[in-house]
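Q: Here's my sequence, what's the structure:
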Amino acid sequence: MIPGERRAYDSLVKRIIPFLLLAGSLLAQQDTTFEGYAAIELANDKISVIVNKTGGGVTRIVLQNDPGENNPIWNPARMSRELGEERKRVGGHFICVDGFGPVSKEEAAAGLPGHGEVHNLEMDIVSSGAANGQREVTLRAKLPVVQEIFTRSYTVVDGENVVYVDSELENLLGFDRPIEWAEHATIGSPFLAPEVTVVDLSAGRSQVRPRPKGTGRRHRLKPGEDFAWPMAPAFSGGGLEDVRIVPREPGSSDHTTSLMDPNREHQFVTALHREKRLLLGYVFRHQEFPWLQTWDAYSANLKLARGLEFSTQPYDVPRRQAISTGTMWGAPTYRWLPAKSTITARFLMFYTEVPEGFLKVDDIRLVNGELIIEDRDSGKTVTLAASQGL
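A: You can find the predicted model right below:
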């Protein structure tokens, strides 16, 4: 190449490189909106995921080959619109950090909202990229009341139905502190449907949430009773209710908690629509989230919601209560965040089709870069690539 041609070539390369870098960023994430809120779409050839910039939670996940675009994630804004009611804020899978439940009057006066600060904050995109068949976006927010920094990354890999979710919580203060953290994963109708949608989890000991009398709400389950998942004591009649499945006649609300099986390193919770043969699931580490609360809001108008909330504590309660409880069934009810330090958490979210006759999830194992999902009664297994592991 003669010198003049070399200079022209070098000049062209310098002009093109920024556009190539921009194209890589756009492939990694696309700015979009969801229910009028600024959001980010992260996609590969298998799945598309939408993350709200406010709060950094997941509001939509669909399969790329699903013409119906069935989104299992709870969307109260859409439900309110369909009922002709005043619009509610988007729900989805939102993040409860640092806090899970109501606050004290003193915390409220100081500006701390229920369920922590993250879900109310506009998060900054600190990085995004696409390389080697992998797409990633990282968001961050400073929590002004509790003086913490929360960072969350979402990653998808080409050819995989899995979203890898990594989080960090940094303590800006010079003393150790107990924190509350829950992944408020919530599914909703029409994916959540009576006698069709079932929830399975790697539960150990379970309990119906104790409640004061006179709440004015109809319950199917007897408050304060321990049980072996999934058969919980009925509110009346002395029988048992299968809490895996949405009841035939909605119009009730209950909470249960489960201490995840202490003999497992990796825990799971799944929601299966047996007619559409669509399965949403989460896999997480026991040491980070030893508890899972299910919250059932089975409205008679069929606008249904169900929480699959894996967390550091059994129930969504004020900070003082979680710390005063200390342990339940030998497991901690909060997590420590050391002085001027950072703690982390990682979980996998997946969404996939299942074969005909696949009716429940008995086990999920992560083996050699694959998620192996078993329905032992049918003898059917779903295997998903999960190259990044847990």
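
Q: for the stretch 51-200 of the chain, what spans make up the helices?
A: Taking DSSP state H, counting those that start in this stretch as the criterion, the stretch 51-200 of the chain carries its helices at 76-82, 105-109.

Q: Reformat the ones you listed into CSV and put mean neighbour count, distance to residue 380 and mean pLDDT next to each item.
A: In short, each C-beta sits where N, CA and C put it, glycine included. Formatted as CSV, the helices of the stretch 51-200 of the chain follow (neighbours: other Cβ atoms under 10 Å; distance: least, Cβ to Cβ, whole Å; pLDDT from 0 to 100):
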stretch, mean neighbour count, distance to residue 380, mean pLDDT
helix 76-82, 17, 32, 92
helix 105-109, 11, 48, 97
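
Q: Select, out of these, the one closest to residue 373.
A: Closest to residue 373 of those, according to Cβ to Cβ: helix 76-82, at 28.7 Å.

Q: quick revisit: how about the helices of the stretch 51-200 of the chain, which one is nearest residue 300?
A: Closest to residue 300 of those is helix 76-82 (Cβ to Cβ; 13.3 Å).

Q: which secondary structure elements does that closest one contact?
A: Helices and strands touching helix 76-82, by 3 or more Cβ pairs under 8 Å, 6 or more residues apart in numbering; DSSP states H and E: there are none.

Q: For the closest residue in space to residue 295 that isn't next to it in sequence, give me the backbone phi and psi.
A: Excluding the flanking residues, the one nearest residue 295 by Cβ to Cβ, 6 or more residues apart in numbering is residue 307, at 3.5 Å. Main-chain dihedrals, residue 307, degrees, to the nearest 10: phi -80, psi 140.

Q: got the contact list for residue 307?
A: Going by Cβ atoms under 8 Å, 6 or more residues apart in numbering, residue 307 touches 184-186, 293-296.

Q: same thing but at 7 Å, please
A: 184, 186, 293-295 (Cβ atoms under 7 Å, 6 or more residues apart in numbering).

Q: how about the helix or strand containing residue 42: buried residues?
A: Assigned by DSSP states H and E, residue 42 belongs to strand 37-43. If you call a residue buried by 16 or more other Cβ atoms under 10 Å, then strand 37-43 has these buried ones: 37, 39-43.

Q: Any chance of a markdown table for the residues you listed, columns pLDDT and distance to residue 151?
A: Listed next are the buried residues of strand 37-43 as a markdown table, based on pLDDT from 0 to 100; distance: Cβ to Cβ, whole Å:
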| residue | pLDDT | distance to residue 151 |
| --- | --- | --- |
| 37 | 92 | 20 |
| 39 | 96 | 18 |
| 40 | 96 | 15 |
| 41 | 97 | 20 |
| 42 | 97 | 16 |
| 43 | 97 | 22 |
